[in-house]
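*Asks:* Structure, please.
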Amino acid sequence: MATRTLIAALLTSALAAACAATDDPLLTAAQDADMVRAAQAARKCTKLDNRDDCSITVTVRDSASGCALSMEADQETIAFPRGVRDKVIFWRLDDQTGRGGFIFTHDGIAIDGNAAHDFDRADRFDQGKGFQWRNRNPRAKEFYYAVHVKNKASAVTCDLDPKIRNEN
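*Replies:* Numbers count the residues shown, from 1 in each chain. Reported below is the predicted structural model:
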């Protein structure tokens, strides 16, 4: 019995170490690669008229408080027109800090309000340097969201608060 307990403890420890070594253990390498390709192929999200999957670049820079996030002005509020449904929004990090190592947290793109009916398929990808949500766009509403980024090697975190407008 002691041998079984020891083996179970070793297997549990090995599994925990394997999960800790990856950012999101639920994604396979193939799924992660597919998301990276889709994000690279997606058009840039714009202030108006996003009709396809689109991508937003979040830039991380050094600041006195540790880091600062920004995105292009026409991406701080993005809109999806009426009738455009099930389009994926990708966020990609552009780490321009001197130390590097910034990734999205597990809740890297946190959509406020009762958004469970409006958005699904939230995933981090590309070793934490990418995040995605699918916009179901079932109703007209503005959604505020928060961008959460952390440095893997330190406790430095930074946040940003843009929004998504669905015109249904």
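
*Asks:* Look up how far residue 163 lies from residue 114.
*Replies:* Using C-beta to C-beta, to the nearest Å, we find residue 114 at a distance of 15 Å from residue 163. In short, each C-beta sits where N, CA and C put it, glycine included.

*Asks:* swap that for residue 69, sorry
*Replies:* For residue 69, the distance to residue 163 - C-beta to C-beta - is 15 Å.

*Asks:* more crowded one of these two?
*Replies:* residue 69 (19 against 14; other C-beta atoms under 10 Å).

*Asks:* That one should be in a helix, yeah?
*Replies:* No. Counting by DSSP: H, G, I helix; E, B strand; the rest coil, residue 69 is located in no helix; its state is strand.

*Asks:* in the sheet, who's paired with the residue nearest to it when sequence neighbours are not counted?
*Replies:* What sits nearest to residue 69 in space, not counting adjacent residues and going by C-beta to C-beta, 6 or more residues apart in numbering, is residue 160, at 4.0 Å. Partner residues in beta bridges with residue 160, using DSSP bridges, are residue 147.

*Asks:* tell me the contacts of residue 160?
*Replies:* 58, 69-71, 146-147 (C-beta atoms under 8 Å, 6 or more residues apart in numbering).

*Asks:* again, but for residue 118
*Replies:* With contact taken as C-beta under 8 Å, 6+ apart, residue 118 is in contact with 111, 135-139, 141, 143, 166.

*Asks:* Number of residues surrounding the closest residue to residue 65 other than its chain neighbours?
*Replies:* Of all residues not flanking residue 65 in the chain, residue 158 sits nearest, at 7.5 Å (C-beta to C-beta, 6+ apart). Neighbour count of residue 158, defined by other C-beta under 10 Å: 20.
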